[in-house]
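Enquirer: Structure, please.
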Amino acid sequence: MQPSKGERIAKVIAAAGVCSRRDAERLIAEGRVRLNGNTLDTPATVVGPKDIIEVDGKKIKAPTSDALPRLWLYHKPKYLVTTHRDEADRPTVFENLPKDMGRVISIGRLDLNSEGLLLLTNSGTLSRALELPKHAMKRTYRVRVNGMPSEKHLYMMSQGLEIEGVRYKPFHIIVEDEKSGRNQWLTIVITEGKNREIRRVFEYFKYPVSRLIRTGYGPFELGELKEGKVSEVSPREVDALLKKLGVE
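Expert: Here you go, the predicted model:
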């Protein structure tokens with residue numbers, strides 16, 4: 001929604017579906033955002049309806065008050081990066097989406113070697129709400145690790161721990177019956193989305209992750225959605241979610 005009294009520019013860029021607010025701040029720091037023809041150097045700038053905003057030389061279209069938030073489930077394959085623009089020119093998630101979806105952003109990310117459920121939306125406001133720590137959205141994963149984690153190490157993970165100055169909240173871990181040689185499958189539920197969180201914790205205990213599949217995010221499940229396919233959430237479900245999150 002384009003506010004009448006002005007909003008911080010990063011929020012307006014996110015609301016337009018260009019990227020998340022955090023990524024918008026990064027774009028500003030990199031000198032890739034122009035306001036009324038001038039390169040911007042601070043995300044604290046407040047903009048109004050008449051201001052002209054350009055990102056990477058392209059004018060953004062501010063969403064109108066009647067633009068409804070939309071939400072999609074996407075089964076991300078491995079080897080796609082969750083970014084609109086990759087410096088290494090690797091294939092991205094957004095290059096592989098149906099063209100009629102328009103401009104969307106991801107809610108959280110999955111790294112290059114991870115797969116499974118990725119939520120996509122046209123609304124920066126909805127993206128931010130689902131990522132906010134206060135909502136503690138559960139992320140569920142099936143994870144294959146090399147070796148069988150000891151009960152001691154599983155207990156330590158379940159209590160939360162600090163690794164190299166980074167504090168990780170408790171993991172809820174279920175050891176599955178399925179094994180493959182020295183590999184063990186686990187179901188893991190976390191409520192944070194720190195960068196490579198599960199991989200870092202298991203690597204710390206010398207159990208490298210060989211496969212990581214996200215199967216759930218908040219109330220949404222991957223289910224039978226095929227790899228590379230997209231399924232849109234109904235407007236009624238999106239509206240109910242917005243109300244639950246307290247998003248106007």
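Enquirer: Next one, pLDDT for the spatially most central residue of the chain please.
Expert: The centroid of the chain falls nearest to Gly108 when counting by C-alpha atoms, centre = their mean (1.0 Å). pLDDT, Gly108: 90.
Enquirer: need the contact list for the residue lying closest to it once chain neighbours are set aside.
Expert: Spatial nearest neighbour of Gly108, chain neighbours left out: Gly193 (4.8 Å); criterion: C-beta to C-beta, 6 or more residues apart in numbering. (C-beta placed from N, C-alpha, C; glycine too.) Shown here is Gly193, whose contacts under the criterion C-beta atoms under 8 Å, 6 or more residues apart in numbering are 108-109, 131, 139.
Enquirer: mind running it again at 10 Å?
Expert: Contacts here follow C-beta atoms under 10 Å, 6 or more residues apart in numbering; on that basis Gly193 touches 107-109, 130-131, 133, 137, 139, 217.
Enquirer: what does Gly31 give?
Expert: 39-41.
Enquirer: got it, and Lys76?
Expert: By C-beta under 10 Å, 6+ apart, the contact list for Lys76 reads 82, 93, 96, 106, 109-110, 114-118, 120, 213-214, 222, 227-228.
Enquirer: who's it bridged to?
Expert: Here Lys76 sits in beta bridges with Gly116, going by DSSP bridges.
Enquirer: One more: Val145?
Expert: On DSSP bridges, the residues paired with Val145 through beta bridges are Gln184, Val209.
Enquirer: Looks like it contacts Gly181 (just checking).
Expert: No: with the criterion set as C-beta atoms under 10 Å, Val145 and Gly181 do not qualify as a contacting pair; they are 12.0 Å apart.
Enquirer: still on that earlier bit, widest-spaced pair of the contacts of Gly193?
Expert: The distance between the two most remote of these (C-beta to C-beta) is 15.8 Å, for Arg109 and Pro133.
Enquirer: the more surrounded of the two?
Expert: Comparing Arg109 with Pro133 by other C-beta atoms under 10 Å, the one with more neighbours is Arg109, at 17 against 10.
Enquirer: pLDDT score for the closest residue to that one other than its chain neighbours?
Expert: Closest residue to Arg109 in three dimensions, ignoring its sequence neighbours and counting by C-beta to C-beta, 6+ apart: Thr82, at 4.1 Å. According to the predicted model, the pLDDT of Thr82 comes to 92.
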